[in-house]
Structures are given as structure tokens and as C-alpha cells.
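S.K.: Let's see this in three dimensions:
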Amino acid sequence: MTVSVVIYESPACPYCRLAKQLLARKSAQFDSIVVDSRELYEEMVARSGRDSVPQIFIGDRHIGGYDDLVELDAFDELEPLLGG
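M.R.: Next comes the predicted model:
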């Protein structure tokens, strides 16, 4: 089962790179949305309720940022969300 993973990110953000590296280690396919316009920024804030990057979604579930992703992984909750 393929689960949709979306990361709202900024190219200069080190936590965005770390989040993508963690997802890649889990063999997760993901779509990156570079928040480089006011419209995309407003979309991210409306969808997540947060104004910082990265903002990560797995399916319809808002995961949060990098720290939230790492916490899910530490408690062995990330792979089941990814369909593993």
C-alpha cells in the first residue's frame, strides 16, 4: 500500500533536509513542496496550523515537523504509518 507523503520545505532549512533523509532511509516516496511563494506559505499554514518548515503529512495525517517525525520513529510508529 502506497501512502502519500508530503513535505512543505525551504531549500535553506537543515531540518527539512534531515526529514527527507530520514524518510529516504525508510524507503518512503514523498513529494516536496518548496514554500517559495506567499500562496504556498498560506497553503501550508492553512493545512498545518503552523508557520515553520518542514511540515510533514503522511496520508491525511499532519505529523508536524522534523522533531515530531523523529519521535514517531523512536517509538516505532513511523513505519506503520508509511505502510511498512
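S.K.: Now do the SS call for the residue nearest the centre of the chain.
M.R.: Ranked by distance to the mean C-alpha position of the chain (CA atoms, centre = their mean), the top residue is I56 at 2.2 Å. Here I56 takes the strand state, with states given by DSSP: H, G, I helix; E, B strand; the rest coil.
S.K.: Can you pull the phi and psi angles for the residue nearest to it when sequence neighbours are not counted?
M.R.: Setting aside the residues directly before and after it, I56 is nearest to I63 in space (CB to CB, 6 or more residues apart in numbering), at 4.3 Å. Using the backbone N, CA and C atoms, a C-beta is placed for each residue, glycine as well. Note on I63: its backbone torsions stand at phi -80, psi -40 [degrees, to the nearest 10].
S.K.: and I63, what is it in contact with?
M.R.: I56, F57, L69, L72, L81 (CB atoms under 8 Å, 6 or more residues apart in numbering).
S.K.: Now do whichever helix or strand the fourth one is part of: distance to the chain's middle.
M.R.: Think L72. Assigning secondary structure by DSSP states H and E places L72 in helix 66-74. On the basis of CA atoms, centre = their mean, to the nearest Å, helix 66-74 is displaced by 10 Å from the centre of the chain it belongs to.
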